[in-house]
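**Q** Here is my input, please return the structure:
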Amino acid sequence: MEYYLVLAALVLGLIITFGFSIVITTVADKFLEKQRIDIRSKNVDITLPLRLQAYERMCLYLERITPNNLLLRLAPSATSALELQQIVLHEIREEYNHNVAQQLYISTQAWEQIVNAMNETVAVVNQAAAEVSAEAPASDLAKKIFSHVIEKEIQPSTHALKVLKEEIRNVF
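**A** As a prediction, this is how the structure comes out:
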């Protein structure tokens, strides 16, 4: 009979211990989940403005490196085709280097589209420059770049801008 009482007390103790462990684990899990949610909420409050700023800056970058805008801004300062080519390529690189950290805040797909747009713009400039004498007036190169852009029917940055705008709509 004593064995049954000891066994019953032992089983009862195990049941109570198991019950307490379940309660403690559940309460701890809920507490940790609440902390995770609070941390995510704080992170969103911090990163959301940074992400929006990154999208804005990359839209501005894409607008600034369109061949039309580059030529309107830079062509008057160049005297020869070679000088214009160098100035335009330098401007594209500088703008890119200035904004390269923004890739932390935008999707990989959007960043790839931005890099593709930059590379396409560089290719258009180089392709047009290959068809014009280096000593030719800068206006000849500008005309050749414009004709290449017209042939493409779409500016190199157009697709990247579209991807950025879609992402902005989805995020915000």
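
**Q** Would you mind listing where this protein has pLDDT under the threshold?
**A** By pLDDT under 70, the low-scoring segments of the chain are 1, 43-44.

**Q** any idea which residue sits dead centre in it?
**A** Nearest to the geometric centre of the chain sits I106, at 2.5 Å (CA atoms, centre = their mean).

**Q** what sits against it?
**A** Listed by CB atoms under 8 Å, 6 or more residues apart in numbering, the contact partners of I106 are R51, A54, Y55, M58, L164, E167. (Each C-beta comes from the backbone N, C-alpha and C, glycine too.)

**Q** Pull out the buried residues from those residues.
**A** Burial by neighbour count, 16 or more other CB atoms under 10 Å: within the contacts of I106 this picks out R51, A54, Y55, M58, L164, E167.

**Q** how about these in JSON lines, adding distance to A130?
**A** Formatted as JSON lines, the buried ones among the contacts of I106 follow (distance: CB to CB, whole Å):
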{"residue": "R51", "distance to A130": "39"}
{"residue": "A54", "distance to A130": "35"}
{"residue": "Y55", "distance to A130": "35"}
{"residue": "M58", "distance to A130": "29"}
{"residue": "L164", "distance to A130": "31"}
{"residue": "E167", "distance to A130": "35"}
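
**Q** Many thanks, I have nothing further to ask.
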